[in-house]
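Chemist: Got a predicted structure plus its sequence, pasted below:
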Amino acid sequence: MTDLHDLVGDDLTPEEEARLRGVHELLVAAGPPPELPPELAELPARGPRRRRDRPLFPLLPPRRVAAGAVLGLASVALAFGIGILVGNRGHEFETARTVSMHATGGTPATAIASIEVAGADKAGNWPLQLYVSGLPMQGPNAHYELWLTRHGKPVALCGPFRVVAGTKRTVVQMNAPYMLKKFDGWIVTTDDRAHVLLTT
């Protein structure tokens, strides 16, 4: 019979030796395990199972792991915020030229507008910002329209818009997906194009 000291050595404390000796004696008294049933013995052998009880960071105490996780999340959030700031800065409207507009004969003399034109993108879109004030209040189902002209005729629509009451300024973002050099001016009309209210 195998002695306890042959299994664990002689460097145990008296308490450890007494505890392990009790376990050893119970195992000896229980005897060898029963034979494996034949139906289980015929099951195909599986590969070694992955140990899931091994800590992810065995050299770090739990508090250090938590602090590292918090620091990592904070770094990701900071990088995301910087990305948003840099990305938004790249999309600021940069005016390449400004076009002034004035009222026509049938419009109040206080009506004015200006169009800020940005540089075209790779697809040929010209971003616009229209600043307009002094136009008469449109009806509930009506609107105004900004057009590019050729020989004074509206030929290319840049966009519809509505204005606030009075002389307050309205700012509208639009787009002109055209070759601007093919046109000779801009006008603002009613939605039925029956009246030209502002022109360059």
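Modeler: Alright, I've got the coordinates. Since we're looking at a predicted model, the values are computed, not measured.
Chemist: Touching stretch 125-133 from outside, list them.
Modeler: 93, 95, 101, 110-121, 144, 146, 158-159, 161, 163, 167-178, 180, 188, 198 (C-beta atoms under 8 Å, 6 or more residues apart in numbering). In short, each C-beta sits where N, CA and C put it, glycine included.
Chemist: CA atoms only: put it into PDB for me.
Modeler: Once non-C-alpha atoms are left out, stretch 125-133 reads as follows in PDB (Å, rounded to 0.1, in the frame of the first residue of the first chain):
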ATOM      1  CA  ASN A 125     -22.200  69.000 -56.400                       C
ATOM      2  CA  TRP A 126     -21.900  72.700 -55.400                       C
ATOM      3  CA  PRO A 127     -23.100  73.100 -51.800                       C
ATOM      4  CA  LEU A 128     -25.100  76.300 -51.300                       C
ATOM      5  CA  GLN A 129     -26.300  78.400 -48.300                       C
ATOM      6  CA  LEU A 130     -29.100  80.800 -49.100                       C
ATOM      7  CA  TYR A 131     -29.600  83.800 -46.700                       C
ATOM      8  CA  VAL A 132     -32.900  85.600 -47.400                       C
ATOM      9  CA  SER A 133     -35.000  88.100 -45.600                       C
END
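Chemist: list the buried ones in it?
Modeler: 126-130, 132-133 (16 or more other C-beta atoms under 10 Å).
Chemist: what about stretch 162-181, start to end distance?
Modeler: By C-alpha to C-alpha, to the nearest Å, the extent of stretch 162-181 from end to end equals 27 Å.
Chemist: after the helix or strand bottoming out on mean pLDDT in the chain, next one along is what?
Modeler: For the chain, scoring each helix and strand by mean pLDDT, DSSP states H and E identifies helix 62-90 as the least confident one, at a mean of 51. Heading C-terminal from helix 62-90, the first helix or strand you meet, by DSSP states H and E, is strand 95-103.
Chemist: Export only the CA atoms of that next one, formatted as CSV.
Modeler: Taking C-alpha atoms only, strand 95-103 is exported to CSV below (Å, rounded to 0.1, in the frame of the first residue of the first chain):
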residue,chain,number,x,y,z
THR,A,95,-17.5,79.7,-48.9
ALA,A,96,-15.8,80.0,-52.3
ARG,A,97,-17.8,83.0,-53.5
THR,A,98,-20.9,84.9,-52.5
VAL,A,99,-23.7,86.0,-54.9
SER,A,100,-25.9,89.0,-53.9
MET,A,101,-29.6,89.2,-54.8
HIS,A,102,-32.0,92.1,-54.8
ALA,A,103,-35.7,92.7,-55.0
